[in-house]
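>>> What would the 3D arrangement of this be:
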Amino acid sequence: MSDFTKLLSILAKHYGKPLPPPKRDPFELILYENIAYLVSDDRRERAFRELKQQVGTNPADLLTASVEELSRITALGGIFPELRARRLQEAARLVRDDFSGNLKPVLQLDFVKARKALAAFPAIGVPGAEKILLFTGAHPSLALESNGVRVLTRYGFAKEQKSYFTTYRNLQKALAAEVRDQCAPLITAHQLLKLHGQELCRRSEPRCDACPAHDSCSFVFIRG
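Here you go, the predicted structure:
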């Protein structure tokens, strides 16, 4: 059993197997990323539900709505609501103009082309594109978000670099052997690492004393 697999096994025993993310198409996942900023998952879900109920999640729905209407919804997701409302419409215009109104065929492209297409959307980038491809079951990859990156660097799988993207890529290279041809285990890994980063291995004041895997962690938090 690899060190990575051992860590995931410990986390799964501590937290339980996480529920899979809700099934959403690629455009909905882009909206989900843009609907909120620096808020809890619960607030993000609430804002996304409001968008789906009050406006809809088709590109045509978003382009018909006013920025003011969208801003009232994105305000549920934290700061800069008007900026995020405009990003929702920018994403809708991209789908309308560049993908004939339907983003789903992107999932049929090879990994590099699909990632490039999705990364061009507002606030997505390469890590976000890889997560969309993973969550839709299109392409397996070790798609990490910031909590997962922090957890894995603290456990010594790669050194943290000044560039977040460099750290992200170094972790993927170090753990390339862990990526198989199935998305489900990698989604579980994503969810567990994110949860651990939110609950215990937090950016500030991590709860190392409560961590179930602290014996194998290279990070030591010294309280003042």
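
>>> Could you verify my assumption that residue 26 touches residue 108?
No - Residue 26 is beyond contact range of residue 108, at 11.1 Å (criterion: C-beta atoms under 8 Å). To be clear about C-beta, it is placed using only N, CA and C from the backbone, and glycine gets the same treatment.

>>> And the helices in the chain, which stretches?
When secondary structure is read from DSSP state H, the chain shows helices at 3-15, 26-34, 41-54, 59-64, 67-74, 81-98, 111-119, 125-135, 146-154, 164-174, 183-199.

>>> Name the stretch among those that sits most buried.
Neighbour counts (mean count of other C-beta atoms under 10 Å) averaged over each of these peak at helix 26-34, with a mean of 24.

>>> how about the CA coordinates for it, as PDB?
Extracted in PDB, the C-alpha atoms of helix 26-34 (Å, rounded to 0.1, in the frame of the first residue of the first chain):
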ATOM      1  CA  PRO A  26     -19.900  20.900 -17.200                       C
ATOM      2  CA  PHE A  27     -21.600  24.300 -17.600                       C
ATOM      3  CA  GLU A  28     -23.400  23.900 -14.300                       C
ATOM      4  CA  LEU A  29     -20.000  23.200 -12.600                       C
ATOM      5  CA  ILE A  30     -18.600  26.400 -14.100                       C
ATOM      6  CA  LEU A  31     -21.600  28.300 -12.700                       C
ATOM      7  CA  TYR A  32     -21.100  26.600  -9.400                       C
ATOM      8  CA  GLU A  33     -17.500  27.800  -9.200                       C
ATOM      9  CA  ASN A  34     -18.500  31.300 -10.100                       C
END
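
>>> who's in contact with residue 151?
193, 196-197, 201 (C-beta atoms under 8 Å, 6 or more residues apart in numbering).
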